[in-house]
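Build me a model from this:
(one chain, ligands or ions: 2)
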Amino acid sequence: MSMQGSCLCGGVRFEIEEPFVTVSQCHCTNCKRISGGVGTTSGRTRTEAVRILEGEELLRPYTPAEGSAKTFCSLCGSNLFGGGWPESEMCSVRLSAIDSGFDGEPEAHIFVRSVASWETLPDDGLPRYEIRAT
Ligand SMILES: [Zn+2]
Ligand SMILES: [Zn+2]
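Ligands and ions are numbered 1, 2, ... in the order given. Presented below is the predicted three-dimensional model:
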């Protein structure tokens, strides 16, 4: 059982060999900037469970002054991984990059203190955390 993912241009293809530990939607200001929208929705998994199948040379990390490394495709700009990948033990995989093998839903909204005036939190009954989930 594995999940497959790719970037917008298709240059990067990857696979995740384990189910996500948690799935959450992050509304922080960094995630807004890198997503071009309300934030990122990511699954947490062990970094070792992520296998790059194609386009490793296209991957470009960026570490903001506050926060962990995020990794993009240098051709199309797609945000693929966060949470310090590939150096950290656990990492975040953006659900927007998943092509198949995942049919779950977010379990929490995090960093809701950064919800923007142009953003509406859905009334989905999920727990909301000011910063991160505990
Ligand atoms: Zn790409
Ligand atoms: Zn965030």
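
Wait, residue 97 touches residue 10, no?
No - in terms of Cβ atoms under 8 Å, residue 97 does not count as a neighbour of residue 10; the distance is 11.3 Å. For every residue, glycine as well, the C-beta is placed using N, CA and C.

Neighbour count: those two, which is higher?
When residue 97 and residue 10 are compared for neighbours, residue 97 comes out ahead with 21 against 13, by other Cβ atoms under 10 Å.

In space, what's closest to that one - neighbours in sequence excluded?
Spatially, and ignoring its direct neighbours in sequence, residue 97 is nearest to residue 5 (4.3 Å; Cβ to Cβ, 6 or more residues apart in numbering).

how many neighbours does residue 40 have?
Around residue 40 sit 22 other residues, with neighbours defined as other Cβ under 10 Å.

My understanding was that it contacts residue 81; is that so?
No - between residue 40 and residue 81 no contact is recorded; they are 10.5 Å apart, counting by Cβ under 8 Å.

If I look at the residue lying farthest from the centre of the chain, what pLDDT would I see?
Going by Cα atoms, centre = their mean, the residue of the chain most distant from its centre is residue 117, 22.7 Å out. pLDDT recorded at residue 117 is 97.

Quick check: which element contains it?
Following DSSP states H and E, there is no helix or strand that holds residue 117.

before we move on, what about residue 120?
In the assignment (DSSP H and E), residue 120 maps to no helix and no strand.

what sits in contact with each of residue 40 and residue 81?
Contact with both residue 40 and residue 81 is made by residues 92, 94, according to Cβ atoms under 8 Å, 6 or more residues apart in numbering.

So for stretch 23-35, what gets flagged as buried?
Taking 16 or more other Cβ atoms under 10 Å as the basis for neighbour counts, the residues of stretch 23-35 that come out buried are 23, 24, 25, 26, 27, 28, 30, 31, 32, 34.
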